[in-house]
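Enquirer: dropping the sequence and predicted coords here.
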Amino acid sequence: QVQLVESGGGLVQAGGSLRLSCAASGRTFGGYPMGWFRQAPGKEREFVAGIGTSGSVTNYADSVKGRFTISRDNSKNTVYLQMNSMKPEDTAVYYCAAGGWGPRGKYDYWGQGTQVTVSS
């Protein structure tokens, strides 16, 4: 069992930055690929970014490529999402997930989410 807790969400102006964290507890964190997803009001949940177990392989949705960076620190059981040059359309609840890969992967564990709001 893995428990995931996101933090770092908040309100930011367009063009600003936020860094989300996802702290994991439970079974070996380093053995899980990780992903970040988001869900805006009235929209389906969408994949944002993914990272492999060692951190050397990453993938991103086209909408965030070049602006967002996913990373992980296995010694701290934490995955991060650095968000730069943010846009109002980035407003959503952001979730981290463990165990799957990419937008159609099967993820075994999910966090409760953290709200990100970007004002124009």
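Expert: On my side now, so go ahead.
Enquirer: so for the longest strand along the chain, what gets flagged as buried?
Expert: Criterion DSSP state E: the longest strand present in the chain is strand 18-26. Going by neighbour count (16 or more other Cβ atoms under 10 Å), the buried part of strand 18-26 is 18, 20-24. For the C-beta atoms, the positions are set from N, CA and C on the backbone; glycine is no exception.
Enquirer: and for stretch 28-45?
Expert: Buried residues in stretch 28-45, counted by 16+ other Cβ under 10 Å: 29, 32-38, 45.
Enquirer: residue contacts, G26?
Expert: Counting by Cβ atoms under 8 Å, 6 or more residues apart in numbering, G26 makes contact with 1-3.
Enquirer: what's the following helix or strand after the longest strand of the chain?
Expert: Next in sequence after strand 18-26, counting helices and strands by DSSP states H and E, comes strand 34-39.
Enquirer: and the helix or strand following that next one, what other elements does it pack with?
Expert: Next along the chain after strand 34-39, taking DSSP H and E as the criterion, comes strand 46-51. Under the contact criterion of 3 or more Cβ pairs under 8 Å, 6 or more residues apart in numbering; DSSP states H and E, strand 46-51 touches strand 34-39, strand 58-60, strand 68-73, strand 78-83.
Enquirer: at 6 Å what do you get?
Expert: strand 34-39, strand 58-60, strand 68-73 (3 or more Cβ pairs under 6 Å, 6 or more residues apart in numbering; DSSP states H and E).
Enquirer: tell me what angle the first one forms with strand 46-51.
Expert: It stands for strand 34-39. 160 degrees (axes from the mean of the first three to the mean of the last three Cα atoms, to 10 degrees).
Enquirer: which stretches of the chain have low pLDDT?
Expert: Confidence mapping of the chain against pLDDT under 70 gives the ranges 27.
Enquirer: excluding its backbone neighbours, what's nearest the most centrally placed residue in it?
Expert: Centroid-nearest residue in the chain: W36, 2.7 Å away (criterion: Cα atoms, centre = their mean). The spatial neighbour of W36 that comes closest, neighbours along the chain excluded (Cβ to Cβ, 6 or more residues apart in numbering), is V48 at 4.3 Å.
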